[in-house]
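A.B. asks: Pasting the sequence and the predicted coordinates here, then a few questions.
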Amino acid sequence: MAVIKIEAENFIKEIQRLTRNSDTSYMDAIVYYAETYDIEIETVAELVKKIPVLKSHLLDEAEILNLVEKSAKLPA
């Protein structure tokens with residue numbers, strides 16, 4: 001596999017485009033991106049850790065799916 005430099009700005013734009021246009025979850029969009037560009041999921045995970053907005057969306061999805069414990073949130 002070739003070493004690919006992923007730019008955070010392009011990455012987040014592509015993930016947001018996928019989630020908006022096809023009603024895809026953030027988790028699915030990230031996995032799709034990794035498979036499409038032949039990037040190891042661990043490499044993408046390192047990038048996700050650096051993008052607070054994306055990390056927040058993933059945490060919200062994980063809480064809804066009961067993959068992680070729900071965090072305390074202020075009432076809406």
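C.D. replies: Received the coordinates, thanks.

A.B. asks: What are the boundaries of the helices in the chain?
C.D. replies: Here the chain has its helices, by DSSP state H, at 8-22, 26-36, 41-49, 52-64.

A.B. asks: Specify the stretch among these that is closest to Lys73.
C.D. replies: Across those, Lys73 has its closest neighbour in helix 52-64 (9.2 Å, C-beta to C-beta). C-beta: built from backbone N, CA, C; applies to glycine.

A.B. asks: Save the helices of the chain as TSV, and put in mean neighbour count and distance to Ser71 too.
C.D. replies: As requested, the helices of the chain are exported to TSV (neighbours: other C-beta atoms under 10 Å; distance: least, C-beta to C-beta, whole Å):
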stretch	mean neighbour count	distance to Ser71
helix 8-22	14	21
helix 26-36	16	17
helix 41-49	14	17
helix 52-64	14	7
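
A.B. asks: Redo the ones you listed as a markdown table? Include mean pLDDT and distance to Pro75.
C.D. replies: Formatted as a markdown table, the helices of the chain follow (pLDDT from 0 to 100; distance: least, C-beta to C-beta, whole Å):
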| stretch | mean pLDDT | distance to Pro75 |
| --- | --- | --- |
| helix 8-22 | 90 | 26 |
| helix 26-36 | 94 | 24 |
| helix 41-49 | 91 | 28 |
| helix 52-64 | 92 | 16 |
